[in-house]
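J.: Provided below for reference: sequence and predicted model.
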Amino acid sequence: MSNSSIAKRILGQDRNILQLIAITVLVFALMSWLNPDKFLRYYNFESITYIMPELGILAIAMMIAMLTGGIDLSVVGIANLAGILAGVFFHSVIVGTDQSTGMILLYTGIGILMALGIGLLAGLLNGFLVSKLRITPILATLGTGQIFTGLAVVLTGGPAITGFPDGWNFIGNGKIFGLATPFVLFVIVAGAVAVLLTRTTFGVNLMLIGTNPRAAIFAGLRKDRMVLYSYMLTGVLAAIAGIILSGRTNAAKSDYGASYLLQAVLIAVLGGTNPAGGKGRVLGVSIALIALMLLSSGFQILRFSNHLIDFIWGGFLLIVIALNAFRNTDR
Amino acid sequence: MTIFRRSEFIIAAILVVAMIFIGLINPAFWSMDNMFGLLRSNVIIGIMALGVLVVMISGGIDVSFTAFAVAAMYLTVKGMLYFGYEGVLVPFIAATLIGLVLGAFNAFFIHTFRMIPLIVTLGTGSVVRGLLLGLVGTSIINIDKMPPQLINFAKVNLVNATSATGTNYGLTAMILIYLGLALVTHLFLRYTMIGRSIFAYGGAPEAAKRVGFDTRKTLLFVYCFAGALAGFAGLLQGSMIWQANPRDFAGFELDVIAAVVLGGASIFGGRGSVAGTLLGVFMLVMVKNSLIIMKVDTTWQRVVVGLIIVGATALTAWRDRKKLV
C-alpha cells in the first residue's frame, strides 16, 4: 500500500479534514507569531492536554447525538451531576473511615461506577423521551438538562463540593508515562468511539438513520432502539467528562462548565458533523478541538477577557457555518 | 380549529386545577397582593414569549433573544446616561430597534446558510453577550445612576391598595403593554398575509415557497419580531427592577421556551396561539412563584421547571403523534 493511499484511508474522502488541518496550522502559526516567547513553551502545551479532554469528550458526545439528527443540550448537566454524585458519596463514606490506599482505591472505583451509572441513566431518560415519547431532542434535553442541573443544586445546596480522594485527583491531574491522565483517557475514549462508529453495526446503523430515517425504518433497522443506545452512549461520555472535570479542579458544582455547551456544539459542527444527521467523524472533531484549544489558549496569553473569548467562540461558529454553506454550494 | 380550541381549553383547565390546589395548601395564594405580584411577574417573560411563539410557529427556535434583551437594555441605559436624555419614548424605541437589528442577523444566517436555528442563535447569543461584557462593560448600573424617568414610568399602577399590614401594593400598568402586544401579535398572526405565511412556513417550508410566499421575508420578519420584542422587554425589565445588569437574563431563555411549549406551541412549527402562550406564561410563573408559598425548598425550582418542560413537550408530542407516523 502506497503512502498516499494510507493517508487517504486515514483522512477519508471528505475534504473537511484537510480544511481542518489547514485551520489548525494557521491558528498555530498566528498564535506563535502573536506571542513568540509565551505560546511556544512546553508548559503551555502541557496545560492544554489537561484542559482539552473534558471539552473534547463532551464534543464527541454531542457529535453522537447529532448523528441521528438530534442534539443533547443536557451534557453539561449530566457531567456536573455525575461529579457531584460521586462527591456526595465520598463525603458520606470517607469521613471517619480508615484512609488506607486500598480503601481509597475501592471508594474511587465505586465513585467512578456511580458517576458512569448516573450518566447511563440520564442518557436512558433522554433516549426514552426522544425515541419512545418522540419529543424533539432540543426540547427533551433542554428539559432534562434543567432537571439534572436542578438535582445537582438540590444535592449540594448551591456551593461547590470539594475534597475528592487522591485516586480521583489522579484522573484529573496525574500523569501516565509522562502524559496527562485526562489526555490518555481522551485518546482511549476517542479511539473507542471511532471504532464503534465505523467498525460496528451500531455505528453504521446510526449513520444510516441520520441520513434518512424513513428509509432506515423501511430497511428494517430498529431505529428507536439505536437512537436510545446513542443517547445512553452520550450520557456515559458526558459522565466521563464530568469525572475528569471534577478530578482536575478537585471540586464539583452545579454551574461548572456552563460555557462548555456552546463550545461542544461548536467543536462538533466545526469538526464536520452535520447537525441534521448522518455525518460526523471522531477524527474531525478531535482536530477541531485542537484548533480551538490553541486559539483560546493563545488569546488567554494575550490577556483577552473571558467574555471576549466567548465572543470569539461564537463568531467562529458563525464563520464556520458560512464556510460550510459556501463549500456545499460549490459541489 | 376545534383541536386548537381544545388544547387551550385543556391548558386553562389544568391551570384552574393547579390554582385551586395551591390555594388549598396556602390560602395566601389568593390574596390580592400575591395575585398582583404574579401578574407583574408575567410581563417580561410574557413579552419575550410572544416573540418565541412566533419563532416556534415558523418551525425554528431562538436561544439568543435574552442576549439581545440585555444588550438593548444596557446600551440604551448607557446611552441615556451619556447624552443625559430625559424622555421615555425614544429609549424604548432605541431598545426595540437594537433588538430588531440583532434579530435580522439571526434571520440572515438562518436563511442564507440554511443552518439549524438553534445552532445559529447559540452563536449569535454568545457573540452579543461576549461583546457586551467584553467591550461595553460588566458593571451594574444601580438605582442611584439609573435614569429616574424610566423608573417612574415603570412605577405607574392601574390599581393601588393598602394591605392589612399597612404596605402599599398595586397592579402595574405594564400589564397593559403586555396584553396590548399580545393582542397585536394575535391579530397579525390571524389576519395578515405575513402572519399566515409564518404558519405556512412552519407547517411545510417547501410548500410555502411553492405557493408563492417570499420565505426570506417571512424568516426576516419572524426573527426581527422576536429580537424587537426582546429588546423592548429588556429595557422594561431594567425599568421595573431599577437597575441595568449586563449579566441579567442568564438562563432565562429556558423559562421562556418552557412557557411557550407549555402553551401548546409545537416545535415542529405550524401550531401555536397567543392565547395558549398567555396561559402557558401564567402557568410557569405561577408554579415557580408558588413553590415558595407551598414551602418547597427553592433549590428544587430548576427541577420543577425541567419537569414542566418535559411534561408539556411529552403532552404536545403525544397530541401531534399521528402527524409523525
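T.: Received it, and whenever you're ready, just let me know what you need.
J.: contacts and neighbour counts: CA atoms only from here.
T.: Will do.
J.: for the residue nearest the centre of chain A, which three-state class applies?
T.: The centroid of chain A falls nearest to residue A:58 when counting by C-alpha atoms, centre = their mean (1.4 Å). Look at residue A:58: counting by DSSP: H, G, I helix; E, B strand; the rest coil, its state is helix.
J.: I'd say it and residue A:241 touch.
T.: Yes - between residue A:58 and residue A:241 there is a contact under C-alpha atoms under 8 Å: 6.3 Å.
J.: list the contacts for the residue nearest to the centre of chain A?
T.: Residue A:58 sits next to A:75-76, A:237-238, A:241, A:260, A:264 when contact means C-alpha atoms under 8 Å, 6 or more residues apart in numbering or on different chains.
J.: can you check residue A:115 too?
T.: Residue A:115 touches A:81-83, A:85-86, A:239-240, A:243, counting by C-alpha under 8 Å, 6+ apart.
J.: now residue 23: closest residue in space, sequence neighbours ignored.
T.: Went with chain A since none was named. Leaving out its chain neighbours, the residue that sits closest to residue A:23 by C-alpha to C-alpha, 6 or more residues apart in numbering or on different chains is residue A:291, at 6.9 Å.
J.: wrong one, I was asking about chain B
T.: Once flanking residues are discounted, residue B:23 sits nearest to residue B:29: 5.4 Å by C-alpha to C-alpha, 6+ apart.
J.: which positions in chain B make contact with chain A?
T.: B:109, B:113-116, B:119-120, B:122-131, B:133-135, B:254, B:267, B:299-310, B:313-314, B:317-318, B:321 (C-alpha under 8 Å from any C-alpha of the partner chain).
J.: of those, just the buried ones, ChimeraX syntax please.
T.: Applying 16 or more other C-alpha atoms under 10 Å in any protein chain shown to the residues of chain B next to chain A, the buried members can be selected in ChimeraX as follows:
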select /B:109,113,115,116,119,120,122,123,124,125,126,127,128,129,130,131,133,134,254,267,299,300,301,302,303,304,305,306,307,308,309,310,313,314,317
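J.: one step back: in a strand, the residue nearest to residue B:23, correct?
T.: No - with three-state DSSP as the criterion, residue B:29 is assigned helix and is not in a strand.
J.: any idea how far it lies from residue B:159?
T.: From residue B:29 across to residue B:159, the span is 19 Å (C-alpha to C-alpha, to the nearest Å).
J.: same check on residue A:245?
T.: Plainly put, residue A:245 is 53 Å away from residue B:159 if you go by C-alpha to C-alpha.
J.: where along the stretch 101-250 of chain A do the helices fall?
T.: For the stretch 101-250 of chain A, helices defined by DSSP state H, counting those that start in this stretch occupy the ranges A:101-127, A:137-156, A:166-173, A:181-199, A:201-211, A:213-218, A:223-249.
J.: which strand or helix spans residue A:87?
T.: For residue A:87, the element it lies in under DSSP states H and E is helix A:75-94.
J.: now find how far off-centre that helix is within its chain.
T.: A distance of 18 Å separates the centroid of the chain from that of helix A:75-94, by C-alpha atoms, centre = their mean, to the nearest Å.
J.: and that helix, what's buried?
T.: A:75-91.
J.: just to revisit the earlier point, any chance of the helices of the stretch 101-250 of chain A in TSV, plus mean pLDDT?
T.: Listed next are those as TSV, based on pLDDT from 0 to 100:
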stretch	mean pLDDT
helix A:101-127	88
helix A:137-156	88
helix A:166-173	78
helix A:181-199	90
helix A:201-211	83
helix A:213-218	80
helix A:223-249	90
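J.: ok, which of those comes nearest residue A:20?
T.: Minimum separation from residue A:20 across those (C-alpha to C-alpha) falls at helix A:181-199, 17.4 Å.
J.: contacting residues around that closest one?
T.: Counting by C-alpha under 8 Å, 6+ apart, A:49-50, A:52-54, A:56-57, A:60, A:170-176, A:202-204, A:206, A:244, A:281-283 sit against helix A:181-199.
J.: and what of stretch A:216-223?
T.: Residues outside stretch A:216-223 that contact it (C-alpha under 8 Å, 6+ apart): A:205, A:208-209, A:213.
J.: between all of those, which two are separated the most?
T.: The widest separation within the contacts of stretch A:216-223 (C-alpha to C-alpha) is 10.2 Å, between A:205 and A:213.
J.: residue numbers of the stretch 151-300 of chain A in contact with chain B?
T.: Residues of the stretch 151-300 of chain A lying near chain B (C-alpha under 8 Å from any C-alpha): A:151, A:153-154, A:157-158, A:262, A:265, A:275-276.
J.: can I have the buried ones of those as a PyMOL selection?
T.: Selection command for PyMOL covering only the buried members of these, criterion 16+ other C-alpha under 10 Å:
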select buried, chain A and resi 151+153+154+157+262+265+275+276
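J.: got the residue ranges for the helices in the stretch 201-325 of chain B?
T.: In the stretch 201-325 of chain B, the helices defined using DSSP H, counting those that start in this stretch lie at B:205-211, B:215-241, B:252-262, B:274-293, B:301-319, B:321-324.
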